[in-house]
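Student: Any chance you could fold what I've pasted below:
(2 chains)
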There are 2 protein chains.
Amino acid sequence: MSLLVTGSIGIDTIKTPYGVSENCLGGSAVYFCMAASFFSPVRLLGVVGSDCPFDLAEVFVGRDVDLTGLEVRNNSKTFRWAGTYYGDMNERTTDKLELNVLAEEPPTVPDAYKDSKFIFLANTAPSLQLQLLEQVSKPVFVAADTMDCWIEGNLDDLKQLLKRIDCLIINEDEARMLAGQNNLISAAEKVLDMGPRVVVFKKGESGSIICEAGGEKFILPAYPAAEVKDPTGAGDSFAGALMGYLAKVGRCDFESLKTAVVYGTVVASFTIADFSLAGLTTIKKDDIESRFEALRKLTSF
Amino acid sequence: MSLLVTGSIGIDTIKTPYGVSENCLGGSAVYFCMAASFFSPVRLLGVVGSDCPFDLAEVFVGRDVDLTGLEVRNNSKTFRWAGTYYGDMNERTTDKLELNVLAEEPPTVPDAYKDSKFIFLANTAPSLQLQLLEQVSKPVFVAADTMDCWIEGNLDDLKQLLKRIDCLIINEDEARMLAGQNNLISAAEKVLDMGPRVVVFKKGESGSIICEAGGEKFILPAYPAAEVKDPTGAGDSFAGALMGYLAKVGRCDFESLKTAVVYGTVVASFTIADFSLAGLTTIKKDDIESRFEALRKLTSF
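Tutor: Next up is the predicted model:
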């Protein structure tokens, strides 16, 4: 079934203990599309400025990524982010943030995208996420990400959004903040009470937990990566593979969600192995399948 | 096969957001024995002062815990610890620490214990762990715990110990400190190079990882507990169930270690559900088996 993502396209400068990557391609929608395209065609909705040095058609060549919804806005500048990761890569600082075109009007959903069935609303203001969602006629499964600044500053909007989505994919610390609950299992129940049928908590190197209204749960460790060079995009490529798999099978029952989370985990483990998109552009679907089986072997008893 | 633990017996005062437990029974050897006794007979080696208000024979009544090695030392005082847990219980402060009898000579291994085959050396000075180990004639499988203060202050002794044991069971942060490596998988390789055949990293609410020399790995999430009242003893009851299972089956191959770690995880999840030993004294072996199967269902795909 058709899959749509709306999110950022950015120019990143990333420092980690392994080196520096200056002015490389980044953004939630870009990582998402790259990951999702291993499983399913994907429609990108996003906006860049006329200064954008990347040709996305070239970036995604050979992958089924629909760029009808890519808007290049004249007299605007592309979103830029610079960040530094420390130590075990679980800590990072933002060195520079220029919202630029992301602070302007969001892109409009093209008519050709309005029948999209699987939707991922990457992190942005919840009011914008709602505004974009309202332009899609009859989605089957809508997932969204959010972050601390919206929980702190735009909670009412976020609560409106939560009533309209099927699945929230969120970092564990942000889940605790949203729920006002330190215990993650209790936090899941609180978040489910706010609307979504499913929550997926991302725990970084400790894996992820899915909880469904009604009590179903699935807990998966991360793939044990011996080398993490750049964690940027891990969460968005996790979401991309997850949604790509669901769109491919056209289902969103709990068993499908479990498989989807395993694929998300596997693809994210490739993302973090290299800077920017290099961890994803250098692998084949077979590499994903092999690591899927390896993760099964590492976790089954 | 026979199982021996040497560790502390203490009087604990514990504060958590759920309440206060004053002057309750604690100590690594006590939690270990309680957990191990679900699987195997266990021999306790430890020392208390004449002020100890607990009758361990009564505490362990109906369980196969051999107290031949329990020394009650006249004119000495029992080890005391007071601590407070905060928020999600991953943080704690030590409010009071009185080593008392633990700062004196360690107990001697009784002749009846010298043929012990499975040994657990709970956390104490590595030189004492070595001294105790040297009194056992032909152990089959020796595991030890350690902590930050010995890594920082007694590293040479600890390195001697690591050459003599089969398995190190250690918190993830301490593993990183010992290995000088932030990445846990790389840290495992470094620690294995120091001597043990197996390392078990405890990651609290994020579960555990076993790595064996040669490359075998197993990753297990924690059981998703919705209520954690008192995390004291979680690590020692994890080790107790793990070693109890190994002693019961009389093997220490990787498949047995995997099952042992699952039992450790399950028993620890009962420990933290109530204060002091109440989480363990109120369950039956059937509760452990049910939760073992529940954990399998929560993690398999």
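
Student: what about the helix or strand harbouring A:T84, distance to the chain center?
Tutor: A:T84 belongs to strand A:79-86 when elements are defined using DSSP states H and E. Remark: strand A:79-86 is offset 17 Å from the chain centroid, using CA atoms, centre = their mean, to the nearest Å.

Student: Each with direction, which strands does that strand pair with?
Tutor: strand A:10-16 (parallel), strand A:91-98 (antiparallel) (DSSP bridges).

Student: Kindly report which one of those strands carries the lowest mean pLDDT.
Tutor: Lowest mean pLDDT of these: strand A:91-98, a mean of 92.

Student: ok, residues contacting the helix or strand following it?
Tutor: Once strand A:91-98 ends, the next helix or strand along the chain (criterion: DSSP H and E) is strand A:118-121. For strand A:118-121, contacts defined as CB atoms under 8 Å, 6 or more residues apart in numbering or on different chains pick out A:1-7, A:32, A:129, A:132-133, A:136, A:139-145, A:161, A:165, A:239-240, A:243, A:246-247. For every residue, glycine as well, the C-beta is placed using N, CA and C.

Student: Partner strands of strand A:118-121 and their direction?
Tutor: Its sheet considered, strand A:118-121 pairs with strand A:3-6 (parallel), strand A:141-144 (parallel) by DSSP bridges.

Student: export the last one as CSV, just CAs?
Tutor: As requested, C-alpha coordinates have been extracted for strand A:141-144 and formatted as CSV (Å, rounded to 0.1, in the frame of the first residue of the first chain):
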residue,chain,number,x,y,z
PHE,A,141,-2.2,3.7,9.6
VAL,A,142,-0.7,7.0,10.8
ALA,A,143,2.5,7.1,12.9
ALA,A,144,4.2,10.2,14.3
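
Student: can you give me the mean pLDDT across that strand?
Tutor: 98.

Student: Just the buried residues of it, please?
Tutor: Residues of strand A:141-144 classed as buried by neighbour count (16 or more other CB atoms under 10 Å in any protein chain shown): A:141-144.

Student: Equivalent analysis for the first one, please.
Tutor: Across strand A:3-6, burial judged by 16+ other CB under 10 Å covers A:3-6.

Student: Does A:T6 touch A:L45 like I think?
Tutor: Yes: with contacts counted by CB atoms under 8 Å, A:T6 reaches A:L45, the gap being 4.1 Å.

Student: shared neighbours, these two?
Tutor: In terms of CB under 8 Å, 6+ apart, A:T6 and A:L45 are both contacted by the residues A:29, A:69, A:107, A:109, A:132.

Student: near chain B at all, the helix or strand containing A:K297?
Tutor: Assessed by DSSP H and E, A:K297 sits inside helix A:285-299. Yes: residues of helix A:285-299 contacting chain B under CB under 8 Å from any CB of the partner chain: A:296, A:298-299.

Student: and the residue lying closest to A:K114 once chain neighbours are set aside, helix, strand or coil?
Tutor: Leaving aside its sequence neighbours, A:K114 sits nearest to A:S137 (CB to CB, 6 or more residues apart in numbering or on different chains; 5.4 Å). Under the three-state scheme (DSSP: H, G, I helix; E, B strand; the rest coil), A:S137 adopts coil.

Student: how far away is A:S137 from chain B?
Tutor: Plainly put, A:S137 is 33 Å away from chain B if you go by CB to the nearest CB, to the nearest Å.

Student: number of nearby residues for that residue?
Tutor: If you count neighbours by other CB atoms under 10 Å in any protein chain shown, A:S137 ends up with 10.

Student: ok, it touching A:Y113?
Tutor: No: A:S137 is beyond contact range of A:Y113, at 10.1 Å (criterion: CB under 8 Å).

Student: sorry, back to before: show me which of the residues of helix A:285-299 next to chain B is closest to B:A213.
Tutor: Nearest to B:A213 among the residues of helix A:285-299 next to chain B: A:L298, at 16.6 Å, using CB to CB.

Student: distance of that closest one from A:V59?
Tutor: Distance, A:L298 to A:V59, using CB to CB, to the nearest Å: 32 Å.

Student: Next up, phi/psi of A:V199, please.
Tutor: phi -120, psi 140 (degrees, to the nearest 10).

Student: for stretch A:75-82, what is the average pLDDT?
Tutor: pLDDT averaged over stretch A:75-82 gives 96.

Student: cool, stretch A:236-256 as well?
Tutor: 98.

Student: Show me which residues of the stretch 51-200 of chain A are close to chain B?
Tutor: Within the stretch 51-200 of chain A, the positions lying close to chain B (CB under 8 Å from any CB) are A:87-89, A:176, A:182-186, A:189.

Student: Out of the residues you listed, which one has the lowest pLDDT?
Tutor: Lowest pLDDT among these: A:D88, 74.

Student: Please name the nearest non-neighbouring residue to that residue.
Tutor: Once flanking residues are discounted, A:D88 sits nearest to B:N182: 3.5 Å by CB to CB, 6+ apart.

Student: Tabulate the buried residues of strand A:3-6 (a markdown table), appending pLDDT.
Tutor: Formatted as a markdown table, those follow (pLDDT from 0 to 100):
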| residue | pLDDT |
| --- | --- |
| A:L3 | 98 |
| A:L4 | 98 |
| A:V5 | 98 |
| A:T6 | 97 |
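
Student: Among those residues, which one sits closest to chain B?
Tutor: The nearest member of those to chain B, counting by CB to the nearest CB, is A:L3 at 21.8 Å.

Student: Just the element for the nearest residue to the closest one once chain neighbours are set aside, please.
Tutor: Spatially, and ignoring its direct neighbours in sequence, A:L3 is nearest to A:A247 (3.8 Å; CB to CB, 6+ apart). Per DSSP H and E: A:A247 is located in helix A:234-249.

Student: Can you name every helix or strand that the host helix or strand of A:W150 contacts?
Tutor: Using DSSP H and E, A:W150 maps to helix A:148-153. When contacts are defined as 3 or more CB pairs under 8 Å, 6 or more residues apart in numbering or on different chains; DSSP states H and E, helix A:148-153 sits against helix A:155-162, helix A:172-179.

Student: The helix holding A:K297 packs against which elements?
Tutor: Applying 3+ CB pairs under 8 Å, 6+ apart, we find helix A:285-299 packed against helix A:254-271, strand B:217-220.

Student: Indicate which one of these is closest to A:K117.
Tutor: Among the helices and strands packed on helix A:285-299, helix A:254-271 sits nearest to A:K117 (CB to CB), with 13.8 Å.

Student: could you check whether that closest one is close to chain B?
Tutor: Yes: using CB under 8 Å from any CB, helix A:254-271 reaches chain B at A:258-259, A:262.

Student: Tell me what angle the helix or strand in which A:S21 is found forms with strand A:10-16.
Tutor: A:S21 belongs to strand A:19-26 when assigned by DSSP H and E. Relative orientation of strand A:19-26 and strand A:10-16, computed by axes from the mean of the first three to the mean of the last three CA atoms, to 10 degrees: 160 degrees.

Student: just to revisit the earlier point, now the residues of the stretch 51-200 of chain A next to chain B: which count as buried?
Tutor: The neighbour-count test (16+ other CB under 10 Å) applied to these identifies A:88-89, A:176, A:183-186, A:189 as buried.

Student: how close does the spatially most central residue of chain A get to chain B?
Tutor: Centroid-nearest residue in chain A: A:D236, 2.5 Å away (criterion: CA atoms, centre = their mean). Distance, A:D236 to chain B, by CB to the nearest CB: 22 Å.
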